[in-house]
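Novice: Fold the following, please.
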Amino acid sequence: MYPMQTGAPVNETTKEAVTETVLTPRFYTTDFAEMDRLNVDAMRGEWDKLVAEFRRDPNKNHFKRTPEFGDVPFANWDPAVRKSFVDFLTSSVTAEFSGCVLYAEIRRRVTNPDVRELFGFMSRDEGRHAGFINHTMHDMDVAVDLSFLTRAKKYTYFKPKYIYYATYLSEKIGYARYITIYRELEKHPDTRIHPIFKWFDNWCNDEFRHGEAFALLMRANPELLEGANRYWIRFFLLAVFATMYVRDHLRRPFFESLGIDVDWYDRRVLAITSDISKQVFPLALDLENPKFWALLDRLYCNTVKLEALKTSGGSSLEAARLKAANAVAFLQLYFLPVKTHPLPANPRLEPAY
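Specialist: All right, here's what the predicted structure looks like:
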């Protein structure tokens, strides 16, 4: 992890990472005693296979910088592209470091050997990811002070099952995002504005593997996928998908600089994530329903207006109206019909995209 100077002034990027909004990644805490009681014996064969892969640590030597990282002409970048790229990195490093901190705390607070070993490996991986991103941000003089972030960031309490749903989706959507960007830039290397994207191929397999771990935890404890929990699964699917859609569209200049149409990208990423999640979740959002995309776009348009109000110091009444409109749009999204399906007999343990 890239070292930060203790006691150094907090830069604007770190302040942004600490700020809590609907769209920013959060830090979490949970009921560690409940997690300690997890039992994975129902999926023992698949579990031992996956943990053996974590022990092999296939990406141990992957996150090594090359001289080309020092040759990026940041001074020549369009200011809008630079800003949206920094926003992308800030969100990414915060999310990766959030996982590192949570997983490390789970490992520290539980005695269950299966849970303890798994989360130790995942914390290791997320720490590497966060450090690699932050070193790139240091090249731009905007690195996030991760030690300050640990102390200053508000921690949100989530029940363990909420951690499983949300983090499973975050890891799988991270895989879909990284592999989609990587493959597009492999086809069009002239639009690869930074060498960090060359690392996304193996990197995304860490994300996939982490998601598989949560999938096995839930498959081994099927009560997490039944009854009223289906309503929570529906909520977290929508919350994760809607957040990504709005956040990506706010960074349109970044995606344009990569030669990627953000509308196509989000539809592709959500389709991949939805398809993968069918191995563990008994329902899926209907991504073929045009109302789904229209309501996501309404969330985005309202958020753009809210951001403009913040910048201009506009009416608090108008801000409240826009927030209420977003709440209504989210409820409308939640109550759109969903697709249900039986779980497959065996979980998929290899990336398929």
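Novice: can you give me the helices in the stretch 151-300 of the chain?
Specialist: 160-187, 200-220, 229-250, 252-257, 262-277, 290-312 (DSSP state H, counting those that start in this stretch).
Novice: can you tell which of the ones you listed is closest to Val10?
Specialist: Nearest to Val10, of all the helices of the stretch 151-300 of the chain, is helix 290-312, at 20.5 Å by CB to CB. Bear in mind the C-beta positions are built from the backbone N, C-alpha and C, glycine included.
Novice: just checking, what packs against the next helix-or-strand element following the closest one?
Specialist: On the C-terminal side of helix 290-312, the closest following helix or strand by DSSP states H and E is helix 316-334. Taking 3 or more CB pairs under 8 Å, 6 or more residues apart in numbering; DSSP states H and E as contact, the helices and strands that helix 316-334 lies on are helix 229-250, helix 290-312.
Novice: winner for burial among these?
Specialist: helix 229-250 (a mean of 19; mean count of other CB atoms under 10 Å).
Novice: what's it packed up against?
Specialist: Helix 229-250 packs on helix 79-109, helix 160-187, helix 262-277, strand 283-285, helix 290-312, helix 316-334, going by 3+ CB pairs under 8 Å, 6+ apart.
Novice: how about JSON lines for these, with mean pLDDT added?
Specialist: Formatted as JSON lines, the helices and strands packed on helix 229-250 follow (pLDDT from 0 to 100):
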{"stretch": "helix 79-109", "mean pLDDT": "94"}
{"stretch": "helix 160-187", "mean pLDDT": "96"}
{"stretch": "helix 262-277", "mean pLDDT": "97"}
{"stretch": "strand 283-285", "mean pLDDT": "97"}
{"stretch": "helix 290-312", "mean pLDDT": "94"}
{"stretch": "helix 316-334", "mean pLDDT": "95"}
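Novice: Which one of the ones you listed lies nearest to Pro351?
Specialist: Of all these, helix 160-187 comes closest under CB to CB, at 7.0 Å.
Novice: Quick one: list the elements packing against that closest one.
Specialist: Here helix 160-187 touches helix 79-109, helix 200-220, helix 229-250, helix 262-277, going by 3+ CB pairs under 8 Å, 6+ apart.
Novice: Let's see that with 6 Å instead.
Specialist: helix 200-220, helix 229-250, helix 262-277 (3 or more CB pairs under 6 Å, 6 or more residues apart in numbering; DSSP states H and E).
Novice: So for His194, which of those helices sits nearest?
Specialist: Comparing those under CB to CB, the one sitting nearest is helix 200-220, at 10.9 Å.
Novice: so what's the backbone phi/psi at the nearest residue to Val86 once chain neighbours are set aside?
Specialist: Closest residue to Val86 apart from its sequence neighbours, by CB to CB, 6 or more residues apart in numbering: Val142 at 5.5 Å. The phi/psi pair for Val142 (degrees, to the nearest 10) reads phi -130, psi 20.
Novice: can you list the helices and strands packed on helix 160-187 in JSON lines and add distance to Arg109?
Specialist: Formatted as JSON lines, the helices and strands packed on helix 160-187 follow (distance: least, CB to CB, whole Å):
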{"stretch": "helix 200-220", "distance to Arg109": "16"}
{"stretch": "helix 229-250", "distance to Arg109": "23"}
{"stretch": "helix 262-277", "distance to Arg109": "28"}
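Novice: circling back: would you list the helices and strands packed on helix 316-334 in TSV and tack on distance to Thr167?
Specialist: Listed next are the helices and strands packed on helix 316-334 as TSV, based on distance: least, CB to CB, whole Å:
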stretch	distance to Thr167
helix 229-250	10
helix 290-312	22
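Novice: And the ones you listed: which comes nearest Leu169?
Specialist: So among the helices and strands packed on helix 316-334, helix 229-250 is nearest, using CB to CB, at 4.4 Å.
Novice: Show me what the closest one is in contact with.
Specialist: Here helix 229-250 makes contact (CB atoms under 6 Å, 6 or more residues apart in numbering) with 23, 165-166, 169, 262, 266, 270, 281, 285, 296, 299-300, 303, 333-334.
Novice: quick one, what contacts Ala104?
Specialist: By CB under 6 Å, 6+ apart, Ala104 lies in contact with Ser123.
Novice: what number of residues lie near Ala324?
Specialist: Number of residues near Ala324 (other CB atoms under 10 Å) recorded here: 11.
Novice: my read: Lys161 touches Leu225, true?
Specialist: No - using CB atoms under 6 Å, Lys161 makes no contact with Leu225, being 9.7 Å away.
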